[in-house]
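**Student:** Below: sequence and its predicted model.
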Amino acid sequence: MKKIQMVDLKSQYDKIKETVNVSIQEVLDTNAYINGPEVHKFQKSLEDYLGVKHVIPCANGTDALQIAMMGLGLQPGDEVITADFTFAATVEVIALLQLTPVLVDVDLYNMNISLEAIKKAITPKTKAIVPVHLFGRAANMEAIMEIAAEHNLYVIEDNAQAIGANCKFSDGTKKKAGTIGHVGATSFFPSKNLGCYGDGGAIFTNDDALAHTLRGIVNHGMYERYHHDVVGVNSRLDSIQAAVLNTKLPLLDQYNQARQAAARKYSMAFEGNENIIAPQICDICDCHVFHQYTLRIVNADRNGLMQHLLDKGIPCAIYYPIPLHSQKAYLDDRYKEEDFPVTNQLVTEVISLPMHTELDDEQIKFITDSVLEFLK
């Protein structure tokens, strides 16, 4: 059996090596390293794929979130509501801009931001909501947009983990995650469902005026060289990374389907085990693209299971072991432990198994047999 990887980028690269290498060589031959043709091609292709008017490429996903907030004109002291159970980048940029982060609990079923917690957290100072499409599962954007409209709030989608996922609305329509709020942000970190071979990110919006502002911010606030119209940053997707993404974007749906197929096999193997709560597989709306395949281990030794898997050469991880409200950088007297019952439960239960496009049946069987061996 081939060695199991948490993310097998080497095997994925081997299948597209020739095309990737040719694309990178073209960049090297033309020396168009910044804002070259490959970047413009990727921007247009991603706009078409997502069905969004404007894609603004940038240097990484964290920058994408920060620039999105800068573009909306949020001011120091404005409150921004986001999920407590996620990676720190989401709250990090809120704090960096001297906005006031308001961390709220998540839903036990889907691990995304709790709608009731959002409603309870809204104050006269609230200006925005940042839902995170965690682990590849789309948040309930229809309900979130309704809450935002009722209170005149911006919605900034953190779509770093769910590119290609669909959000289904009550009228039967579907929209891509990241394109529904006022602005969305994503990451092309190598391990993402659509990953480059370094850092990369992008911002999405259907708002023409906001898109214009964002394009200036990513390039030192310039629309014309040496004319700085807004306060900006230096955050550009380089052409070599765009060349990689141009090769991989046409394969994104295929990649996501491979992840969904692997997730389905995992969940079938775990069906009926009372110690395992597996993520639900949805066959009708593609709302989950499985950036991570994350189990909840209940009434059993989660940490013992993790060590058991590692001892058998099976990589696994806990995303995330410490809630954001308990992190030293984000401690705040406003937060009470009783406000985060679900997050505090999840950090003791979750474990993520290997998930990538190259998982084969032999590997999945070995992984699932090993989990069940411990939880028998």
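**Tutor:** Thanks, I have the structure now.
**Student:** Mind jotting down where the strands sit in this structure?
**Tutor:** Along the chain, counting by DSSP state E, strands occupy 54-58, 79-83, 100-104, 126-130, 154-158, 166-168, 174-176, 183-187, 201-205, 222-224, 227-228, 276-277, 293-297, 350-353.
**Student:** Does the third one pack against any helices or strands, and if so which?
**Tutor:** Here strand 100-104 touches strand 79-83, helix 89-96, helix 115-121, going by 3 or more CB pairs under 8 Å, 6 or more residues apart in numbering; DSSP states H and E. Any C-beta I mention is one placed from the backbone N, CA and C, and that applies to glycine too.
**Student:** Ok, the fifth one next?
**Tutor:** In terms of contacts (3+ CB pairs under 8 Å, 6+ apart), strand 154-158 is packed against helix 61-71, strand 126-130, helix 141-151, strand 183-187.
**Student:** can you list the residues that contact stretch 227-235?
**Tutor:** Outside of stretch 227-235, the residues within contact range by CB atoms under 8 Å, 6 or more residues apart in numbering are 58-60, 63, 66-67, 70, 201, 213, 216-223.
**Student:** Sort out which of these are buried, if you could.
**Tutor:** Members of the contacts of stretch 227-235 that pass the buried threshold by neighbour count (16 or more other CB atoms under 10 Å) are listed as 58-60, 63, 66-67, 70, 201, 213, 216-220, 222.
**Student:** so how far is residue 1 from residue 362?
**Tutor:** For residue 362, the distance to residue 1 equals 5 Å [CB to CB, to the nearest Å].
**Student:** swap in residue 167?
**Tutor:** Using CB to CB, we find residue 167 at a distance of 37 Å from residue 1.
**Student:** Residue 213 too?
**Tutor:** In terms of CB to CB, residue 213 sits 52 Å off from residue 1.
**Student:** pLDDT value on the residue found closest to residue 375 once you drop the neighbours it is linked to in the chain, please?
**Tutor:** Sequence neighbours aside, residue 275 is the residue nearest to residue 375 in space, at 4.6 Å (criterion: CB to CB, 6 or more residues apart in numbering). At residue 275 the predicted local confidence, pLDDT, stands at 98.
**Student:** list the contacts for residue 275?
**Tutor:** Residues in contact with residue 275 (CB under 8 Å, 6+ apart) are 297-300, 375.
**Student:** Point out where the stretch 101-250 of the chain drops to low pLDDT.
**Tutor:** Applying pLDDT under 70 to the stretch 101-250 of the chain flags no residue at all.
**Student:** returning to that earlier point: adding distance to residue 250, write the contacts of residue 275 out as JSON lines.
**Tutor:** Listed next are the contacts of residue 275 as JSON lines, based on distance: CB to CB, whole Å:
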{"residue": "297", "distance to residue 250": "37"}
{"residue": "298", "distance to residue 250": "40"}
{"residue": "299", "distance to residue 250": "45"}
{"residue": "300", "distance to residue 250": "42"}
{"residue": "375", "distance to residue 250": "40"}
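**Student:** Just the buried ones from those residues?
**Tutor:** Listed as buried from those are 297, 375; burial here means 16+ other CB under 10 Å.
**Student:** Let me see the contact set for residue 188.
**Tutor:** For residue 188, the set of contacting residues under the criterion of CB under 8 Å, 6+ apart consists of 60-61, 194-196, 199-202, 237, 241, 245.
**Student:** which one among those residues gets closest to residue 181?
**Tutor:** residue 202 (14.3 Å; CB to CB).
**Student:** wouldn't that closest one be in contact with residue 183 here?
**Tutor:** No: taking CB atoms under 8 Å as the contact criterion, residue 202 and residue 183 are not neighbours in contact, 11.1 Å apart.
**Student:** And residue 136, how far from residue 53?
**Tutor:** Residue 136 is 24 Å from residue 53, where distance means CB to CB.
**Student:** sorry, that was for residue 235
**Tutor:** 20 Å.
**Student:** neighbour count winner among those two?
**Tutor:** Remark: of residue 235 and residue 53, residue 235 carries more neighbours, 22 against 13, as counted by other CB atoms under 10 Å.
**Student:** List phi and psi for the more buried one.
**Tutor:** The phi/psi pair for residue 235 (degrees, to the nearest 10) reads phi -150, psi 90.
**Student:** elements contacting the lengthiest helix in the chain?
**Tutor:** Using DSSP state H to assign secondary structure, the helix with the most residues in the chain is helix 9-30. For helix 9-30, the elements it packs on are helix 37-50, helix 239-248, judged by 3+ CB pairs under 8 Å, 6+ apart.
**Student:** Burial-wise, tell me which of the ones you listed comes out on top.
**Tutor:** helix 239-248 (a mean of 24; mean count of other CB atoms under 10 Å).
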